[in-house]
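Asker: no sequence for this one, just the structure:
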């Protein structure tokens, strides 16, 4: 099993097997903390082969730098079966998780971890920055 695409974005959709992704990001700026990001999506494209046939478990967990989950709803868990017709050597499937109300207590680096069958398959870094600090640094640099 291979994760071909894993990204945080503003919006994602599956249109007849084609993944449409808009607004991929890895940094969010906030004016105050805690900050709640109203809506975003985690877009995944997974390729499976006949060797992957069977039941699988996926977990999505968003954690801080210390490995603590950001929300009591984490990790999100899903079971999914894989079955391919005999004549097919691989299949790709798109998964879009719409995430609402993600709360970040402070600035720092967070991670969206994608685990399948207990194995970490992808770790997406997400930087939360304090825009006031950035603006103050720019002003100081300009003199």
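Answerer: Good, I have the coordinates. Just so it is clear, the model here is predicted, and its values are computed rather than measured. Residues are numbered from 1 along each chain as shown.

Asker: ok, residue 90 - contacts?
Answerer: Residue 90 makes contact with 47, 48, 49, 84 under the criterion Cβ atoms under 8 Å, 6 or more residues apart in numbering. C-beta coordinates here come from the backbone N, C-alpha and C atoms, glycine included.

Asker: do you know how far it is from residue 5?
Answerer: Relative to residue 5, residue 90 is positioned 15 Å away (Cβ to Cβ, to the nearest Å).

Asker: Tell me which residue is most central in this protein.
Answerer: When Cα atoms, centre = their mean is applied to the chain, the residue found nearest the centroid is residue 42 (4.1 Å).

Asker: Give the closest residue to that residue in space, chain neighbours not counted.
Answerer: Counting by Cβ to Cβ, 6 or more residues apart in numbering, the nearest residue to residue 42 once its immediate chain neighbours are dropped is residue 97, at 4.4 Å.

Asker: so the one you found sits right up against residue 76, yeah?
Answerer: Yes: with contacts counted by Cβ atoms under 8 Å, residue 97 reaches residue 76, the gap being 7.0 Å.

Asker: Report the set of residues contacting both of those two.
Answerer: Overlap between the contact sets of residue 97 and residue 76, as judged by Cβ under 8 Å, 6+ apart, is given by residue 60.
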